[in-house]
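quick one, fold the following:
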Amino acid sequence: MRLTSAAWFTRARWPGVALLAAVAVAGAAAPAWADVKIGILMPLSGKGASYGQHQETAVQMALEELQKTGIKGEKVNAVVYDTRGENSEAINLTRKLISNDKVLAIIGPFFSAECEVAFPIAAQNKTPIITASSAKPGIAAKNRPWAFRNALSSDQMNGYLLDVWLKRIPVKSVVILTDVKDAFTKVDGTVVFPAELKRRNVQVLDNISYQTGDIDYSAQVTKAKGLNPEGILIAGLYNEGGNVVREIRKQGMTQPIVGALGMSETKFLDIAGPAGDGTTVVNPFWPDDPDPKVHAWAVEYEKRAKAVAGNTAVLMYDTIMLTKTCIEKSGVTNKPEDLAADRERIKDCLSQVKDVPGIAGPMTFNADGDAQLPPTVLVAKGGKWESVKK
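Down below sits the predicted model:
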């Protein structure tokens, strides 16, 4: 099912399909353009539904912008599928976008584990694929030159996060609580953070595991409490991270908390409530940035979504607009017989992206296909994220 660039959108639920829209602009005759097809994979249901639903608003905002001009004057069809955050769906839908829908490029999927199985398929079939969210280090690099990540990998952010945190709160020992079921958080908690802490002479007293979907965290927190660390680090997603923080404060622990990228969503603030105050995270996007362009986008997003914009939403918007730029500047013909050549042209353009303007900041990809974005450290205060200066 396709989501066409239009001012109004119709929601539909189908197995494996997230959105349906086939809407013409009121009062305007549809021109005889060929459709410019872009594939999008998002988790609109399942474990990452909140992320996907926020990205959906960003997709709609981007497509409304594209409606005004099209891409190279042609109508845009976004072929959007719901992966439910499941690897098997990511595999099947990536194949479907490439072979059946014949899209020029794919944006997504969302989770690192999904990207690990979807990226090789796109690379094998010589189709450019760009995740706007996955943070596990090395995912794009393993599938070059067709895979890209328009998001910061955790190894690009966590050292900076710890420098800012430790400057404010110079702890010497921590306990890490790690979600070992999620691919991204597992690497963060067991590899990236321990290495960065060691470089800063901070002792890791223990690494205590839990899993995505867990409900009771009392045993893990009780164990952490018995070790009496000076600080607590949580490598988790927003839902589990928020509940872990609530349990930490419920058990009377007052130690400062630092969280992984997956906790930097506004949904974490809702789940953690007042217990989340003081939690420090890192993110390439801050919705209260005073930059007029950022402010205007964030206000419009919040008006539509009834929620504050987060990292994954703005990077989805930026990635769609970046894809438009490469289709327009790379000589894409959008003729069926030129599909393979057009995909090659887009891949080559993405490989040379440097300082392309975006809401989250100028977009540049390094040799590994990873975006180079300036990270921002945030601290939770009164149900909002506030920027912290280094």
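
where does this structure dip in pLDDT?
For the chain, residues meeting the criterion pLDDT under 70 lie at 1-34, 390.

strands of that one, start to end?
2-4, 36-42, 76-82, 105-107, 129-131, 147-149, 173-179, 203-210, 231-235, 257-259, 280-283, 376-381, 384-388 (DSSP state E).

tell me what the fifth one is packed against?
The helices and strands touching strand 129-131, judged by 3 or more C-beta pairs under 8 Å, 6 or more residues apart in numbering; DSSP states H and E, are strand 105-107, helix 112-124, strand 147-149, helix 311-329. Placement of C-beta: from N, CA and C, glycine included.

of all those, which one is nearest residue 368?
Each of the helices and strands packed on strand 129-131 has some distance to residue 368 by C-beta to C-beta; the shortest is strand 147-149, at 8.4 Å.

run through who's touching that closest one.
Identification of contacts with strand 147-149 by C-beta atoms under 8 Å, 6 or more residues apart in numbering yields 115, 119, 122-123, 128-131, 134, 139-140, 350, 365, 369-371.

just the buried members of these?
Buried residues within the contacts of strand 147-149, counting neighbours by 16 or more other C-beta atoms under 10 Å: 115, 119, 122-123, 128-131, 134, 139-140, 350, 365, 369-371.

between those residues, which is closest to residue 212?
For residue 212, the nearest member of those is residue 134. The distance, counting by C-beta to C-beta, is 15.3 Å.

look up how far residue 140 lies from that closest one.
8 Å (C-beta to C-beta, to the nearest Å).

what residues are up against the residue nearest to residue 324 when sequence neighbours are not counted?
In this structure, residue 324 finds its nearest non-sequential neighbour in residue 71, 5.2 Å apart by C-beta to C-beta, 6 or more residues apart in numbering. By C-beta under 8 Å, 6+ apart, the residues touching residue 71 are 36, 324, 327, 328.

out of the strands of the chain, which is closest to residue 343?
Closest among the strands of the chain, using C-beta to C-beta: strand 105-107, at 7.0 Å.

what are the pairing partners of that closest one, and which direction each?
Strands that pair with strand 105-107, judged by DSSP bridges, come out as strand 36-42 (parallel), strand 129-131 (parallel).

can you tell me how far residue 354 sits from residue 342?
Taken as C-beta to C-beta, the span from residue 354 to residue 342 is 22 Å.

ok, back up a step: which of the strands paired with strand 105-107 sits most buried?
Comparing those by mean neighbour count (mean count of other C-beta atoms under 10 Å), strand 129-131 ranks first with a mean of 30.

ok so, going back, neighbour-wise, which one of the contacts of residue 71 leads?
residue 36 (25 neighbours; other C-beta atoms under 10 Å).

surely it and residue 76 touch.
Yes - between residue 36 and residue 76 there is a contact under C-beta atoms under 8 Å: 5.0 Å.

which residues do those two both contact?
Overlap of the contact sets of residue 36 and residue 76 (by C-beta under 8 Å, 6+ apart) consists of residue 70.

give me the domain ranges for the chain.
With domains defined by automatic domain parsing, the chain comprises 2-152+292-351, 154-283.

re the thing from before, have a look at residue 354 and residue 342 and say which one is more surrounded.
residue 342 (22 against 9).

separation between the more buried one and residue 130?
Using C-beta to C-beta, residue 342 is found at 15 Å from residue 130.

all helices for the chain, in order.
In the chain, the segments counted as helices under DSSP state H are 49-69, 87-95, 112-124, 154-168, 183-187, 193-199, 218-227, 238-250, 266-272, 292-305, 311-329, 339-351.

buried sites along the longest one?
Spelled out, that is helix 49-69. Within helix 49-69, the residues that count as buried by 16+ other C-beta under 10 Å are 49-63, 66-67.

contacts only, for the residue positioned nearest the centre of the chain.
The centre of the chain sits closest to residue 133, judged by C-alpha atoms, centre = their mean, with a distance of 2.2 Å. Neighbouring residues of residue 133 by C-beta under 8 Å, 6+ apart: 51, 55, 110, 111, 151, 311, 312, 315, 316.

please redo it, this time with the cut-off set to 6 Å
Applying C-beta atoms under 6 Å, 6 or more residues apart in numbering, we find residue 133 in contact with 110, 151, 312.

then residue 322?
For residue 322, the contact set (C-beta under 6 Å, 6+ apart) comprises 356, 363.
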